[in-house]
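Asks: How does the following fold in three dimensions:
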Amino acid sequence: MSKSSSSPRCWPVLPPIFISAIVSVEVGNGLEGYFPDAFVSYLVREHAKGFFESGDLSLGLRTLLTLLQHRIREAVLGMDFDPRVLKAIPASHLSGGAGVTATMPSLTAPAKITTRMSEEDRERYRAKATPAQTYAAYLEWLARSDYDPDVELFTAASRAYLSRFRLTAPYRQYILLGEYGKSHRIVQRDSLALLVFTGTPFVSPHFFVKDGDVWRMDMTAEVRDTVERVGGAYTWDYRGTTDEYTKAFEDLLTKIQGYRRFKDGDNRALPIRGDKR
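Replies: Next comes the predicted model:
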C-alpha cells in the first residue's frame with residue numbers, strides 16, 4: 001500500500017479483476033406480460049454478463065437499452081415475446097422474478113472476439129442447397145458463443161466485411177432475438193433470392209445468391225440496399241437502385257409514408273406521437 005503525507009488514509013489499488021458492478025432491471029406493476037421473467041433474466045444474467053466479460057461496459061449497457069427498446073416496440077404492436085429463442089441461446093441462468101439483479105465482473109482486458117471454429121463445427125455452417133436451409137444455419141451461427149465470420153454460409157465479400165467488425169456474442173444474440181421464430185417469405189428468381197419478414201416490421205430483408213449448387217447469404221447487399229431509420233414510422237428503408245437484387249425484385253417494392261418497403265412484408269407502422277393519421 002502506498003503512503004501519502006497529504007491524506008490520513010490511502011486505499012489500496014485493487015486489480016481490475018476484483019471490480020464489479022450491480023446490474024438490476026426492475027419490472028413495474030402490469031408490465032410483466034411485456035417483459036416476462038425469462039426475457040429479463042436473460043438480459044441481466046446472460047446479455048449484460050457477456051459484455052462485462054468482454055470489457056466493453058459502455059457498449060454493453062447501450063445494447064441492453066436497445067434490447068429493451070426493441071421489446072417495447074414489439075409490445076406496442078401487440079407482439080408477444082417468443083421464449084423459444086432463449087432455448088437456442090446457450091444459457092447458464094434463466095430464472096428470475098419481477099426484475100432481476102446480478103453482480104457483473106469487469107475483466108482487465110477485452111476477451112478475444114474472433115476465433116477459428118474446429119473443422120467439424122465449420123462443416124455445420126457450409127452453404128446449403130436452399131435459401132431456407134442457409135438461413136436456418138445462419139440463425140444457429142448467431143447463437144454461438146464464439147465468432148468465426150469466415151464460414152461458407154456467406155459470400156466471400158460478406159466474409160471479408162464481417163471480419164472487420166467486433167461482433168460480440170451478446171450483440172449477435174440481439175440480432176437473433178429480433179429474427180428467431182418470426183415468419184418470413186422467400187422469393188427465388190434465377191440465381192438470386194430475397195427473404196422478407198412477414199412477422200415483424202423491424203428487421204430488414206436478407207439476400208441470397210446461388211453459387212453452383214448452394215446458396216450463400218449476401219451480407220454486403222444488405223448493407224448496400226437497406227438503411228436503418230430512427231424517429232419515424234419504420235426502422236428500416238430500402239435504398240437499392242441499379243444493383244442486381246433491386247432489378248430482380250423491383251416489382252415487389254412499394255412506397256409507404258415515404259419509405260420504400262416490400263409490399264408483401266410486415267409493414268405495420270409504429271405509432272408516432274402527435275400523428276393524427
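Asks: Helices of this structure, start to end?
Replies: Secondary structure of the chain (DSSP state H): helices at 37-42, 48-54, 57-76, 84-88, 119-124, 131-143, 156-162, 169-179, 219-225, 244-249.
Asks: can you list those in TSV and add mean neighbour count and mean pLDDT?
Replies: Glycine gets a C-beta too; all of them are placed from N, C-alpha and C. As requested, the helices of the chain are exported to TSV (neighbours: other C-beta atoms under 10 Å; pLDDT from 0 to 100):
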stretch	mean neighbour count	mean pLDDT
helix 37-42	21	65
helix 48-54	22	60
helix 57-76	15	72
helix 84-88	15	68
helix 119-124	11	87
helix 131-143	19	94
helix 156-162	16	95
helix 169-179	21	80
helix 219-225	18	96
helix 244-249	18	98
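Asks: Any idea which of these gets closest to residue 208?
Replies: Comparing the helices of the chain by their distance to residue 208 (C-beta to C-beta), the top pick is helix 131-143, with 4.3 Å.
Asks: what helices or strands is the closest one leaning on?
Replies: Under the contact criterion of 3 or more C-beta pairs under 8 Å, 6 or more residues apart in numbering; DSSP states H and E, helix 131-143 touches helix 84-88, helix 169-179, strand 184-189, strand 192-197, strand 206-211, strand 214-217.
Asks: Measure how the third one sits relative to strand 206-211, angle-wise.
Replies: Note on geometry: by axes from the mean of the first three to the mean of the last three C-alpha atoms, to 10 degrees, strand 184-189 and strand 206-211 are set 40 degrees apart in direction.
Asks: Strand 184-189 pairs with which strands, parallel or anti?
Replies: Strand pairing for strand 184-189, using DSSP bridges, gives strand 192-197 (antiparallel).
Asks: How about the strand it pairs with, which residues are buried there?
Replies: Counting neighbours by 16 or more other C-beta atoms under 10 Å, one finds that the buried residues in strand 192-197 are 192-197.
Asks: quick one on the thing from earlier: tabulate the helices of the chain (TSV), appending distance to residue 265.
Replies: Shown next, in TSV, are the helices of the chain (distance: least, C-beta to C-beta, whole Å):
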stretch	distance to residue 265
helix 37-42	25
helix 48-54	31
helix 57-76	16
helix 84-88	20
helix 119-124	29
helix 131-143	15
helix 156-162	22
helix 169-179	13
helix 219-225	14
helix 244-249	11
